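Chemist: Here's my sequence, what's the structure:
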Amino acid sequence: MAEIVLFHHVAGLTPGCRELADRLAGSDHVVHTPDLFDGRVFATIDDGVAYIGGVGFGTLQARADKAVAGLSERLVYVGVSLGVVAAERLAQTRPGAVAAILLEACVPVAEFADSWPQGVPVQVHGMDGDPFFAGEGDIDAARELVAAAARTGPAELFVYSGDAHLFTDSSLPTYDSDATAKVVERVRVLLESL
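Modeler: Numbers count the residues shown, from 1 in each chain. Take a look at the predicted model:
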């Protein structure tokens, strides 16, 4: 059994994020879904970005730290888009990470530490036409991360055909059920291997 923390995307802890967490958990795993937006859910990416600008990015990262403070060190960190920042940072800087699963975003490894932690598996999932993942350089950061992590452990980049961002959230119009089913299947394979 894995203990997982899933950090939500820029629209907040939507019903679709909660459903994704439930699908990853299945009957075998425990998934925590901290709400970094204190109950706020936004209809658009721009609204979420405006909220972040108001509270400050540092505040969100402090909330992420507080969310895991009482949990085991042996966590699988999952992030969806914006949530990747917290998931990747904690996987690199908090001792005991079991794995990291980065959905629809990726940050360069050097943003948080000199290297990827030895032996910590990572998966990155994104769409080849996503204007954020493919268009803003995240896919390049993902390739570099996977190459670096593969030196000491399992590391995989999965790229899906499509141009949607937040395709794993069933409560949003960008949801892609087929691609999400593949994501869930691949993540569960990794979880079963831990």
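
Chemist: Buried residues in the lengthiest helix in the chain, which are they?
Modeler: Of all the segments of type helix in the chain, defined by DSSP state H, the longest one is helix 177-193. Counting neighbours by 16 or more other Cβ atoms under 10 Å, one finds that the buried residues in helix 177-193 are 179, 180, 183, 187, 188, 190, 191. Where C-beta positions appear, they are placed from N, C-alpha and C, glycine not excepted.

Chemist: List the contacts of the fifth one.
Modeler: Going back to what we said before, that points to residue 188. 24, 26 (Cβ atoms under 8 Å, 6 or more residues apart in numbering).

Chemist: Flag the shaky bits of the protein, pLDDT-wise.
Modeler: With pLDDT under 70 as the threshold, the chain has no low-confidence stretch at all.

Chemist: ok so, going back, and which of the buried residues of helix 177-193 is nearest residue 1?
Modeler: Comparing the buried residues of helix 177-193 against residue 1 with Cβ to Cβ places residue 191 closest, at 9.1 Å.

Chemist: With adjacent residues omitted, what lies nearest to that closest one?
Modeler: residue 2 (5.0 Å; Cβ to Cβ, 6 or more residues apart in numbering).

Chemist: pretty sure that neighbour contacts residue 76?
Modeler: Yes. With contact defined as Cβ atoms under 8 Å, residue 2 reaches residue 76; the gap is 5.0 Å.

Chemist: Compare these two and say which is more crowded by neighbours.
Modeler: More neighbours surround residue 76 than the other of residue 2 and residue 76, with 26 against 20 (other Cβ atoms under 10 Å).

Chemist: Is that one in contact with residue 102, as I believe?
Modeler: No. Taking Cβ under 8 Å as the contact criterion, residue 76 and residue 102 are not neighbours in contact, 11.5 Å apart.

Chemist: show me the contacts for the nearest residue to residue 107 once chain neighbours are set aside.
Modeler: The spatial neighbour of residue 107 that comes closest, neighbours along the chain excluded (Cβ to Cβ, 6+ apart), is residue 88 at 5.3 Å. By Cβ under 8 Å, 6+ apart, the contact list for residue 88 reads 77, 79, 100, 102, 106, 107, 111, 112.

Chemist: where does residue 88 land in three-state SS?
Modeler: Per DSSP: H, G, I helix; E, B strand; the rest coil, the secondary structure class of residue 88 is helix.

Chemist: just the strands in this protein please.
Modeler: Taking DSSP state E, the strands of the chain run over residues 3-7, 30-32, 76-80, 99-103, 122-127, 155-160.

Chemist: now those as CSV including distance to residue 70?
Modeler: Formatted as CSV, the entries for the strands of the chain read as follows, by distance: least, Cβ to Cβ, whole Å:
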stretch, distance to residue 70
strand 3-7, 11
strand 30-32, 10
strand 76-80, 16
strand 99-103, 20
strand 122-127, 25
strand 155-160, 29
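
Chemist: Dead centre of this protein: give me the residue that sits there.
Modeler: residue 79 (1.6 Å; Cα atoms, centre = their mean).
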